[in-house]
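1. Make a model of this:
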Amino acid sequence: MKFMKLGSRPDTFYTTEAVRSISSEVSSDLIIQVKGSRYLLHKFPLLSKCSRLQKLCSESPESSQHQIVQLPDFPGGVEAFELCAKFCYGITITLSAYNIVSTRCAAEYLQMTEDVEKGNLIYKIEVFFNSCILNGWRDSIVTLQSTKAYALWSEELEITSRCIEAIASKVLTHPSKVSLSHSYSRRGTRDDVSSCNGGGGGESQRHRTTSKGWWAEDLAELDIDLYWRTMIAIKSGGKIPTNLIGDALKIYAARWLPNIPRNGFVHNKHGDSESDSDSESASEVNSKHRLLLESIVSLLPAEKGAVSCSFLLKLVKAANLLNASSSSKMELAKRVALQLDEATVSDLLIPSGSYLNGTRYDVDIVMTILEQFLLQGQSPPTSPPRSKFGFERRRSRSAENIDFEFQESRRSSSASHGSKLKVAKLVDGYLQEIAREVNLSLSKFIVISESIPDFARIDHDDLYRAIDIYLKAHPDLNKSERKRLCRILDCKKLSMEACMHAAQNELLPLRVVVQVLFFEQARAAMAGGKVAELPSNIKALLASHGIDPSKPPPPLSTTTTIAGDDQWSVSGLKSPRSKISTLRMKLAEDDGLDENYINPDGTARSSRLKNTICALPSRPKRIFSKLWSASRTPSEKN
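-> Numbering: from 1, shown residues only. Modelled structure (predicted):
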């Protein structure tokens, strides 16, 4: 930490009856009031260096003994004024990064310029600031942080901009060439304190680091506005890799954003509790966090992989709970879409911003992410329309800065086949989680399910389990809704385990149960090779579903792992009599409720399904043998 001493006289200021005075043989003739404090001083030393005091004294009337001057809007308060007054008396003062901003503003207010006296305070402060403060890493950051209390003065005097430029230049310089220590933040070490009064030693070199991201933790101490301006200056240099920018943003978010637990409630980062009576202060904190979040989003690099998908989705969760702008949410959704194959199911469980819709998780933002994922590789329209999922496309400060680069990145990074396969598994796992939501609409469930291309789902086991969970959580679905839900399921892509579970699932529509039994029976007949020719009606039905009767079907995946009560078990299957009665009951129900589904020849589809069951080949009935033998009693087997 650099410092500078000015003056040589000992400090003779003292306080008597709430009045600050100076020991002197000459009687005082000037009273200065600064923000409630009174100073009993002398005109000659002060007016000889302060042009403003000269003008004020000439304009104010003189009393019998003391002339009174009031400085109600004095920048820096009594501490800064006293430093300036001591400098006028030649008393020793010490300047450092902690008080240089307030002293510089106070000297500017008092107009302590070279026009009044050579070697005045403003000149000495500027020399110290340019030669020492701006050359030190820690000094530059401390000084920049202190400008927050004197924002307008600091901007006018260009203190803020000069500090930002100095910090950015050091970040852009290779760490081995930065001849100063940056160890003041959370590294358990301290910089050596050195003088800047001509002949002072340089800063300690022992703790210098060569890490590429050595600056990130130190900058994380800055206020968001100053941090944003500093990061913009660093990014504009074009020398820092985007992954280091992303790491710095992650460190800053971890430092200042509230925790986002899985249950969706925001906890203050520093553990401060807020009661209902503090709703106004809580609203202010929420607004501060919202501004912070949106600023971080605006700083995100456009390049894919600059930050992890998990971090992006954490920002999405924070944006939801902090009620961030729709433009920030859309920008996050587009970035998540570029790396969606890296996400996990828990990452996608984004808490809802409000419980008005009765659901814990925000499904709409996930639908938007999937929409953006499918748009990869496509050129955006000239005038982007409003998103069909309800997010308004408004331009923000970040959109103006990086929208062009991001669109180029999206066009050049079309989702690969492998990433679509991963996203398909991810979506099916996500559907299993949200299917338990009682207030989740059927339309949203189907839209998310159908957003995945058919080729991306190698098997439909996970999708079937999600449908089964949804049916159990929504027992009031009518027959047409259950049929609509099950249309997204391809029975040909179900494994043996899934088929055996579906065959006894009374929640499924009859048509699905019959298809499961039929395709599994046909598969068993093909695999056994003991049937020379299938009946013509079966062959026609196979052909209508894209199956070549002369070729065995491709192998299906049986690797799905399902835990808990939803696990599919062969031991739980029902007896053949119960299964036959279930089918007969569903057939009777279908006869009564499916009159709207009429074939072109005028016959009801339910009759066709009956005929299909009856027409199944008698040998080999492998699927029925497996289903029935598993639950037969010894007496029934005999």
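
2. tell me the domain ranges of this protein?
-> 3-135, 241-264+286-362, 416-545 (the TED database).

3. how about stretch 313-329: buried residues?
-> Across stretch 313-329, burial judged by 16 or more other CB atoms under 10 Å covers 313-322, 324-325, 327-329. All C-beta atoms are positioned from the backbone trio N, CA, C, and that covers glycine.

4. no, scratch that, I was asking about stretch 430-448
-> Neighbour-count burial for stretch 430-448 flags 430-435, 437, 440, 444-445, 447-448 (criterion: 16+ other CB under 10 Å).

5. Also stretch 484-491?
-> By 16+ other CB under 10 Å, the buried positions in stretch 484-491 come out as 485-486, 488-491.

6. Nearest to residue 152 among those?
-> residue 488 (60.9 Å; CB to CB).

7. Quick one: residues in contact with the longest helix along the chain.
-> Assignment by DSSP state H gives helix 279-299 as the longest helix of the chain. Residues lying outside helix 279-299 but in contact with it, judged by CB atoms under 8 Å, 6 or more residues apart in numbering, are 224-225, 227-228, 231-232, 235, 245, 249, 252-253, 256-258, 268, 274, 315, 318-319, 322-325, 328, 331-332, 396-398, 401.

8. Would you mind listing the buried residues in that helix?
-> Of all the residues in helix 279-299, those buried under the rule 16+ other CB under 10 Å are 282, 285-286, 289-290, 292-299.

9. For these, give me JSON lines that also has pLDDT and distance to residue 161.
-> JSON lines is the format used below for the buried residues of helix 279-299 (pLDDT from 0 to 100; distance: CB to CB, whole Å):
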{"residue": "282", "pLDDT": "78", "distance to residue 161": "34"}
{"residue": "285", "pLDDT": "86", "distance to residue 161": "29"}
{"residue": "286", "pLDDT": "87", "distance to residue 161": "31"}
{"residue": "289", "pLDDT": "93", "distance to residue 161": "27"}
{"residue": "290", "pLDDT": "94", "distance to residue 161": "27"}
{"residue": "292", "pLDDT": "95", "distance to residue 161": "22"}
{"residue": "293", "pLDDT": "95", "distance to residue 161": "25"}
{"residue": "294", "pLDDT": "95", "distance to residue 161": "23"}
{"residue": "295", "pLDDT": "95", "distance to residue 161": "18"}
{"residue": "296", "pLDDT": "96", "distance to residue 161": "22"}
{"residue": "297", "pLDDT": "95", "distance to residue 161": "24"}
{"residue": "298", "pLDDT": "95", "distance to residue 161": "20"}
{"residue": "299", "pLDDT": "96", "distance to residue 161": "19"}
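
10. Determine which two of those residues are furthest apart.
-> Spatially, the most separated pair among the buried residues of helix 279-299 is 282 and 299, at 26.1 Å (CB to CB).

11. Low-confidence stretches in the stretch 251-400 of the chain?
-> For the stretch 251-400 of the chain, applying pLDDT under 70 flags the ranges 260-280, 354-358, 377-400.

12. again, 90 this time
-> The stretch 251-400 of the chain contains residues with pLDDT under 90 at 258-286, 302-305, 321, 323, 352-360, 374-400.

13. Please enumerate the helices of it.
-> All helices of the stretch 251-400 of the chain, identified by DSSP state H, counting those that start in this stretch, fall at 279-299, 309-321, 326-338, 345-348, 363-374, 397-411.

14. which helices and strands sit right next to the shortest one?
-> Read it as helix 345-348. In terms of contacts (3 or more CB pairs under 8 Å, 6 or more residues apart in numbering; DSSP states H and E), helix 345-348 is packed against helix 309-321, helix 417-434.

15. In JSON lines, list these along with distance to residue 108.
-> What follows is the helices and strands packed on helix 345-348, written out as JSON lines (distance: least, CB to CB, whole Å):
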{"stretch": "helix 309-321", "distance to residue 108": "41"}
{"stretch": "helix 417-434", "distance to residue 108": "58"}
